[in-house]
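**Q** Only the shape, not the letters, is given here:
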C-alpha cells in the first residue's frame, strides 16, 4: 500500500497530516479499484488554527497499491494523524448492542463472513444484532445522537434500516473498518495522543454553522455548493482543492468530516442538550461530533 502524493501541489508531500475527513459508503462497489464515478473521498488537512487542505482525492486515487478498503484501514492503523472523522455510524441503538458491550459488537462484526466483499452486507449485520426473537423487526430505531439532529430538521439514516436511505450498510462497513484499524474511537476513548477515530455528519456540521445543508449535491446543487464553499473561507483554506469541492459534494463532505476530529481535539464539539444527555446510552451508542 502506498500513499499517492497528489498533483498540482495538493498532496500531503512533506506536510504533516493533522486531521483526516472521510466521506464514506456502505456500497461495496464503491470500494473497487476502478470506479467510474467515485463517491468515497479522503481529505487530509493540516493542524493549523485555520486548517489547510493538503490532499483531497477519491480513495482509489489516494493509494497506489492494494484494495482501497484494506489500504485505508492500513493507513488509519498507523495513527499518523491527530484525528479522523468518518461520515458513517459507529454504533447502533443501545438496546441492540449485545450485552451493552460496544467493543464486543466491533469484534463480532469483524468476525462476520463477507464472501469476497471488503465488509459484511447489511443483512448479515442485521442478523447479528437482531438475533433475539423480540428484536426481529427493528424498524428505523435511532440513536440519541441521531434523534438530536432529527429534531433540528436534519435527514438522518437509521443504522438498523437496510432499504433506501438506510444506514445499516454504512454501519456494517464502518464498524468493520474500525475493527481492522484497532484505533481508539471517541467518545469511548476521550483522549488519545494521536490517531483517534470520530463519527462525523457533514449535513449537521453545516446546520451548526447556519449554512445551507440541503440540496447541494449533483449538478443541480452546484450553485448552492459554491455558496457554501465561499462561506467557509474563514474556516478553512481549500487551496488547489477549491475547484474540486465546487464540483463534487462528496469531496466537500470529506473536508467537512475532518471537522469532527478537529472538534474533539480542541474540545469544541456540540454537547447533547438536557433531553438527549443520557450518558449511559451515549457510552454504548456513541455521539456524532460537530464543531461548534
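**A** Yep, that arrived. Just so it is clear, the model here is predicted, and its values are computed rather than measured.
**Q** Just the helices from the stretch 151-292 of the chain, written as ranges.
**A** 168-181, 202-208, 222-231, 242-247, 249-266, 279-285 (DSSP state H, counting those that start in this stretch).
**Q** Among those helices, show me which one is buried the most.
**A** Stretch with highest mean neighbour count among the helices of the stretch 151-292 of the chain: helix 249-266 (a mean of 27; mean count of other CB atoms under 10 Å). Backbone N, C-alpha and C define where each C-beta goes, glycine included.
**Q** can you give me the mean pLDDT across it?
**A** The average of the pLDDT scores along helix 249-266 is 98.
**Q** name the helices or strands packed onto that helix?
**A** strand 19-23, strand 41-45, strand 53-58, strand 83-86, strand 196-199, helix 202-208, helix 222-231, helix 242-247 (3 or more CB pairs under 8 Å, 6 or more residues apart in numbering; DSSP states H and E).
**Q** that older thread, want to try TSV for the helices of the stretch 151-292 of the chain, with distance to residue 107 as columns?
**A** Output for the helices of the stretch 151-292 of the chain, formatted as TSV (distance: least, CB to CB, whole Å):
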stretch	distance to residue 107
helix 168-181	7
helix 202-208	29
helix 222-231	39
helix 242-247	37
helix 249-266	23
helix 279-285	15
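**Q** Tell me which of those approaches residue 189 most closely.
**A** With CB to CB as the criterion, residue 189 lies closest to helix 249-266 of these, at 10.0 Å.
**Q** ok, residue 94 - contacts?
**A** By CB atoms under 8 Å, 6 or more residues apart in numbering, residue 94 lies in contact with 100, 143, 280, 281, 284, 285.
**Q** Excluding chain neighbours, what is closest to the second one?
**A** I take that to be residue 143. residue 285 (4.3 Å; CB to CB, 6 or more residues apart in numbering).
**Q** Could you pull up the residues touching the one you found?
**A** For residue 285, the contact set (CB under 8 Å, 6+ apart) comprises 91, 92, 93, 94, 97, 143, 144, 145.
**Q** Okay, buried residues for the lowest-mean-pLDDT helix or strand in the chain please.
**A** Least confident element among the helices and strands of the chain, by mean pLDDT, DSSP states H and E: helix 122-129 (a mean of 92). Using 16 or more other CB atoms under 10 Å as the test for burial, helix 122-129 gives 122, 124, 125, 126, 128, 129.
**Q** Quick one: closest of the helices and strands packed on helix 249-266 to residue 163.
**A** Checking the helices and strands packed on helix 249-266 against residue 163 by CB to CB gives helix 202-208 as the closest, at 20.1 Å.
**Q** list the helices and strands that closest one packs on?
**A** Helix 202-208 packs on helix 249-266, going by 3+ CB pairs under 8 Å, 6+ apart.
**Q** neighbours of residue 48, just the number please.
**A** A count of nearby residues for residue 48, using other CB atoms under 10 Å, gives 10.
**Q** where's the closest residue to it other than its chain neighbours relative to residue 241, distance?
**A** Of all residues beyond its chain neighbours, the one nearest residue 48 is residue 18 (7.7 Å), with distances taken as CB to CB, 6+ apart. Distance of residue 18 to residue 241, computed by CB to CB, to the nearest Å: 15 Å.
**Q** who has more neighbours, these two?
**A** Higher neighbour count among residue 18 and residue 241: residue 241, with 25 against 21, using other CB under 10 Å.
**Q** quick one: contacts for the more buried one?
**A** Residues in contact with residue 241 (CB under 8 Å, 6+ apart) are 10, 43, 53, 56, 251, 255.
**Q** Cheers, nothing more for now.
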